[in-house]
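Undergrad: Here you go, sequence then predicted model.
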Amino acid sequence: MNPQVRRLALDFGPLIIFGAAFFVSGKNIFVATAALIPAMLAALAIGYGLEKKLSPMPIFTAIVVVTMGGLTLYLKNDSFIKMKPTVVYGFFSAILLGGLFLKTLYIKYAFTIAFELDEEGWRKLTVRWGLFFLGLAILNEAVWRNFSTAVWIYAKIGMIGLTFLFAIAQAPLLMKHQVPHADDGKSAQD
């Protein structure tokens, strides 16, 4: 399996399980949360088993899922699991945009496995993803506080779709700022 596809499956698989469990259980957020926690931990373990390393973003997400999901189940209060995306997206936005302020491009740590960009490309990608995550955090807050749980689930699924579309929309920037590999410039006589 392609490493990028595998990473997407590991990142978004638990969310798909969460949504499926919600609808299969008759729209029970607590059943969905109980399915999400082991799915997230399994994705983390599978990712480690396949890649022999753990990236900071999935680790942070798993910690927030276990914490907020655990509070949701223990206290029987779905507000915690509904706030989880705000916490995760807000944290990612703060790290990326704060890194710009500190002149550190943290996005490199997440994406250097997939591609290599020049500094301008990394900066532009950082701004775009940082603002995108901020927008998702604001959207999540607006939806969970003003609409039913079912609407929030649909919006959460929609946010997954938006994330895929946003990632695809970055292709022109990636192509424009891609750093050629040393092997790409070798002459035919080598």
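TA: Structure received.

Undergrad: which SSE is residue 27 in?
TA: Using DSSP states H and E, residue 27 maps to neither a helix nor a strand.

Undergrad: pLDDT score for the nearest residue to it once chain neighbours are set aside?
TA: Taking Cβ to Cβ, 6 or more residues apart in numbering as the measure, residue 27 lies nearest to residue 150, with 5.6 Å between them; neighbours along the chain are not counted. All C-beta atoms are positioned from the backbone trio N, CA, C, and that covers glycine. With respect to pLDDT, residue 150 scores 94.

Undergrad: now do residue 8
TA: Confidence score, pLDDT, at residue 8: 77.

Undergrad: circling back: name the next helix or strand following the strand or helix carrying the residue nearest to residue 27 along the chain.
TA: Using DSSP H and E, residue 150 sits in helix 149-169. Helices and strands here follow DSSP H and E; after helix 149-169, the next one along the chain is helix 171-177.

Undergrad: Can you give the contact residues for the lowest-mean-pLDDT helix or strand in the chain?
TA: Per-element confidence for the chain was summarised using mean pLDDT, DSSP states H and E. The lowest value among helices and strands belongs to helix 107-111, with a mean of 75. Here helix 107-111 makes contact (Cβ atoms under 8 Å, 6 or more residues apart in numbering) with 55-57, 96, 99, 122, 125-126, 129.

Undergrad: how close does the residue nearest to residue 27 get to residue 76?
TA: When Cβ to Cβ, to the nearest Å is applied, the distance between residue 150 and residue 76 equals 18 Å.
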